[in-house]
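Student: All I have is the shape, not the residue letters:
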């Protein structure tokens, strides 16, 4: 959990969740250790770090694989609906998918995309459903 993206992403995800959770926003976090071994801990250790250090209140699921033959079915689905710029594989932790209330994958964002950069898209989805 030492990625340069960790602190800023959790901070901004917390901001969005606090602001929009009562309107129906859900943020689902899936730790993954496939990128530079940045999530080496157990599920309990990761949960403790995210909840205590970053004060995350949104659901944090067990660690999954997002690429390769053991990729979680959710990530197989997400990638099948919104491919990446060059390849379909997830490139790094904090790749983001925006999904509407009906389960349609609306957009895919690179790990370096700030969560606050997609706030207007989130607002639009919340208002339209």
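Tutor: Looks like it arrived, so ask away. Please read these numbers as outputs of a predicted model, since none were measured by experiment.
Student: Only C-alpha atoms from now on, for both contacts and neighbour counts.
Tutor: Fine.
Student: how about the strands of the protein, start to end?
Tutor: Taking DSSP state E as the criterion, the chain contains strands spanning 96-99, 105-109.
Student: Just checking, which helix or strand of this protein averages the lowest pLDDT?
Tutor: The weakest-scoring helix or strand in the chain, judged by mean pLDDT, DSSP states H and E, is helix 43-53 (a mean of 82).
Student: now it, how far from the chain's geometric center?
Tutor: In terms of C-alpha atoms, centre = their mean, to the nearest Å, the centre of helix 43-53 is set 16 Å apart from its chain centre.
Student: neighbours around residue 91, how many?
Tutor: By other C-alpha atoms under 10 Å, the residues close to residue 91 number 15.
Student: In space, what's closest to residue 54 - neighbours in sequence excluded?
Tutor: Once flanking residues are discounted, residue 54 sits nearest to residue 10: 6.2 Å by C-alpha to C-alpha, 6 or more residues apart in numbering.
Student: Would you mind confirming that that neighbour is in contact with residue 57?
Tutor: No - judged on C-alpha atoms under 8 Å, residue 10 makes no contact with residue 57 at a distance of 10.1 Å.
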